[in-house]
Every structure is written in C-alpha cells, then in structure tokens.
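A.B. asks: Give the three-dimensional model of this entry:
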Amino acid sequence: MLRNPVKVLHKGTFQGLEGLTSLDLSNMDITDIRDNAFIGLKHLQSLDLQSTKLKDLESKSFNGLQNLKTLNLQMFQSNECIVPYV
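C.D. replies: Numbering: from 1, shown residues only. Below is the predicted model:
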C-alpha cells in the first residue's frame, strides 16, 4: 500500500480480505486506528506498522486478530502513541 493517502483506519477497513495472512502498512501516513479496524482478518499472522505517524490507537483497535504472531510497531514518529493490550 506504498504511497496510499490513507490516514485513518476505520472499523472494517479490511472487510472482505478474510484470507489475508500478512499486512504491511509501514511508512504510511496513518495517524489513527479506530476500534475494530482489523475486524474480519481472523487469519492475519503478521502486521507491520513500522514508521507510521500514529497518534491515536483506540482500546479495541486490534480486535479480531486472534492469530496475530508478529506486530511491528518500531519507529513511530509520535511520542504520544500508547499501545493498548493486544
């Protein structure tokens, strides 16, 4: 998704991609991840959010990622990012 102008991941952003096992959102201008943004990605095992511009994660941002094994949160550009329990 390189050079995609998405800034906010809303509930169900990835709806219809149930078979996805890996998602690379690194180096994007994402600033906010809303509750249930990844809902339906029950097979997702790897999520890369490295070097994004995250400022806001809601308490249920990562709901539905029961098979997630790798979550890359390195090099956030915001010092205010608080990562909720996954």
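A.B. asks: quick one: strands adjacent to the least confident helix or strand in the chain by mean pLDDT?
C.D. replies: When the helices and strands of the chain are scored by mean pLDDT, DSSP states H and E, strand 56-57 comes last with a mean of 80. When pairs are called by DSSP bridges, strand 56-57 turns out to pair with strand 32-33 (parallel).
A.B. asks: So residue 69 is in contact with residue 44, correct?
C.D. replies: No - using C-beta atoms under 8 Å, residue 69 makes no contact with residue 44, being 9.2 Å away. The C-beta positions use only the backbone N, C-alpha and C, and glycine is treated the same way.
A.B. asks: Who has more neighbours out of these two?
C.D. replies: Taking neighbours as other C-beta atoms under 10 Å, residue 69 and residue 44 compare with residue 44 leading, 25 against 10.
A.B. asks: Okay, strands next: where are they in this structure?
C.D. replies: Remark: strands assigned in the chain by DSSP state E are 8-9, 22-24, 32-33, 46-48, 56-57, 70-72.
A.B. asks: can you give me the offset of stretch 56-66 from its chain's centre?
C.D. replies: On the basis of C-alpha atoms, centre = their mean, to the nearest Å, stretch 56-66 sits 8 Å off its chain's mean C-alpha point.
A.B. asks: If we go by neighbour counts, what in that stretch is buried?
C.D. replies: Neighbour-count burial for stretch 56-66 flags 57, 60, 61, 62, 64, 65 (criterion: 16 or more other C-beta atoms under 10 Å).
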